[in-house]
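Enquirer: Based on what follows, work out the 3D shape:
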Amino acid sequence: MTTQLMTTTQFMMTRRLGRPIQVAKMRCCHMHSTSKEMMPDFDRTQKIFANKSSWELLRATVMFRCAATPWLMNPARSLINDAFERQHLPLAKSGAPFDRLLLWLVKQTAFRHFTGGETLSECHAVGVSAAKDGVKLIVDHSVEEREDPSAWQPNLEAKCQLLRDLREQMPGQVTFLPVKVTALASPSMLEDVTVWLQGGGSLAARFRLGKKTETSMQDCLANLRVLCTAARETGIPVLLDAEQSYRQPALDWLAMEVMKEFNVRGETPWIYNTYQMYLSDALDRVQRDIRAGVKGDFTFAAKVIRGAYLVTEAERARELGAPVPTHPTKEDTDKAYNAAIGAMLEQIHADPDSAAVVVATHNRDSITLANRGDAGAGAGEESSPRSPGSDHGHVREHHHRAGAGRVQQPQAGSLWRL
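Expert: So this is what the prediction gives:
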């Protein structure tokens with residue numbers, strides 16, 4: 001394998017930070033890039049887990065089996081959440097020492113397995129260890145949604161500073177920075193714009209939305225431009241997190257507007273939008289935006305996941321008496337997911353500069369399909385090798401570049417959204 005192959009064709013493993021025990025701010029994600037094999041052999045566990053101790057494998061096995069046991073996890077989740085909420089209360093009102101014991105157990109087990117640490121230095125240590133396997137990282141800290149405008153600028157500055165810190169403290173180790181747009185802009189603005197779009201409104205006539213909404217949109221675009229400028233300066237692209245169905249159409253428009261400026265054909269795409277394929281309209285939106293990228297002469301960059309808000313989407317639909325916006329079955333979601341990956345791969349091989357994709361999945365069949373679809377599309381030798389990802393965490397990501405085109409793979413489920 002040449003150096004070029006190692007840097008452009010990679011398997012990735014992502015993990016999202018579980019809810020913090022004290023001030024857990026950081027998460028790490030892994031990207032693997034060393035094997036010459038065309039396909040990862042998931043049955044060769046001796047090779048895949050060679051750098052893991054027996055204790056680490058036992059801990060992971062026990063945790064996953066517990067997580068698959070509803071009668072155990074439901075009360076445990078409530079106990080853990082309550083203990084976390086009480087840890088900042090005065091001692092007399094807290095559940096100590098039970099809370100301290102419970103949180104200590106979580107930190108020694110699930111927290112250690114699914115996170116990169118509580119500080120950037122701890123993430124750096126993970127990166128040094130991961131580099132032995134040819135693995136690179138995605139690193140992020142938690143910033144949740146805010147409606148308060150006074151919070152957006154500090155959140156933006158923190159993200160930009162994190163990009164600079166990653167460049168200085170973890171040079172060559174980090175590949176992406178995830179970003180939650182509702183931490184940088186008004187969530188209600190996204191909802192208002194989505195209602196307008198779904199009602200047949202055109203953003204060419206968005207002045208009809210009102211001055212406040214228009215100002216919020218422009219503020220959001222400005223913040224995203226600042227962030228993408230920092231991404232370009234530090235060499236670390238950003239991944240926009242997906243939102244709920246009643247916000248996502250507005251986010252799609254904002255993302256595409258910024259892509260026109262920062263995803264220049266033939267160069268590195270600096271911003272990726274996320275598509276949740278459990279939404280019944282997601283495949284149409286992916287295909288629409290592929291065409292928009294071609295027409296607009298920029299690189300359309302997408303992260304494709306199955307979805308993160310299945311329960312809340314159904315609950316909201318029931319409360320409103322509206323149709324559920326998700327596919328009725330897991331099989332329908334799988335078909336939509338694989339179709340989206342197929343459409344992105346097809347576009348990349350037809351015009352390598354026109355598209356880039358992060359293939360985010362836990363699903364072995366989807367990983368296999370992505371690899372076979374790539375090979376079957378006639379990619380040259382520089383874009384065909386595949387390699388297994390690290391087991392540290394529980395999400396596989398795949399990164400590919402066909403010429404100047406790119407294909408990459410994240411998704412995660414965890415206690416706390418980052």
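Enquirer: now the strands for the protein?
Expert: Assignment of strands within the chain using DSSP state E yields the ranges 10-14, 26-32, 135-141, 174-179, 238-240, 271-276, 300-305, 355-361, 395-399, 406-408.
Enquirer: Neighbouring strands of the fourth one in the sheet, and parallel or not?
Expert: Spelled out, that is strand 174-179. Sheet partners assigned to strand 174-179 using DSSP bridges are listed as strand 135-141 (parallel), strand 238-240 (parallel).
Enquirer: tell me how far the first one is from the chain's mean position?
Expert: Read it as strand 135-141. In terms of CA atoms, centre = their mean, to the nearest Å, the centre of strand 135-141 is found 11 Å from the chain centre.
Enquirer: just stretch 42-57 next, same as before
Expert: For stretch 42-57, the distance from its own C-alpha centre to the chain's C-alpha centre is 25 Å (CA atoms, centre = their mean).
Enquirer: what about stretch 110-117, how long is it end to end?
Expert: Between the opening and closing residues of stretch 110-117 lies a distance of 12 Å (CA to CA, to the nearest Å).
Enquirer: Tell me the buried residues in that stretch?
Expert: Judged by neighbour count using 16 or more other CB atoms under 10 Å, the buried positions of stretch 110-117 are 110, 111, 113, 114, 115, 116, 117. Every residue, glycine included, has its C-beta placed from N, CA and C.
Enquirer: Can you tell me which of the strands paired with strand 174-179 has the worst average pLDDT?
Expert: Taking the average pLDDT of each of these, the minimum falls on strand 135-141, with a mean of 80.
Enquirer: between that one and strand 355-361, how big is the angle?
Expert: On the basis of axes from the mean of the first three to the mean of the last three CA atoms, to 10 degrees, strand 135-141 is oriented at 80 degrees to strand 355-361.
Enquirer: who's in contact with residue 260?
Expert: Residue 260 makes contacts with 296, 298, as judged by CB atoms under 8 Å, 6 or more residues apart in numbering.
Enquirer: and the gap between it and residue 122?
Expert: 38 Å (CB to CB, to the nearest Å).
Enquirer: try residue 187
Expert: From residue 187 over to residue 122 the distance is 31 Å, taken as CB to CB.
Enquirer: between these two, who's got more neighbours?
Expert: Regarding residue 187 and residue 122, a neighbour count based on other CB atoms under 10 Å identifies residue 187 as having more, with 18 against 15.
Enquirer: residue contacts, the more buried one?
Expert: With CB under 8 Å, 6+ apart, residue 187 has these contacts: 145, 146, 147, 247.
Enquirer: ok, 6 Å please
Expert: Counting by CB atoms under 6 Å, 6 or more residues apart in numbering, residue 187 touches 145, 147.
Enquirer: Tell me the confidence at it?
Expert: 95.
Enquirer: is it true that residue 223 touches residue 183?
Expert: No: with the criterion set as CB atoms under 6 Å, residue 223 and residue 183 do not qualify as a contacting pair; they are 9.7 Å apart.
Enquirer: where does the stretch 1-150 of the chain dip in pLDDT?
Expert: Where the stretch 1-150 of the chain drops to pLDDT under 70, the residues are 1-40, 88-95.
Enquirer: Just the ones of the buried residues of stretch 110-117 in helices?
Expert: If you go by DSSP state H, those have 113, 114 in helices.
Enquirer: Turn the buried residues of stretch 110-117 into TSV, columns for distance to residue 359.
Expert: TSV is the format used below for the buried residues of stretch 110-117 (distance: CB to CB, whole Å):
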residue	distance to residue 359
110	26
111	27
113	23
114	21
115	23
116	22
117	26
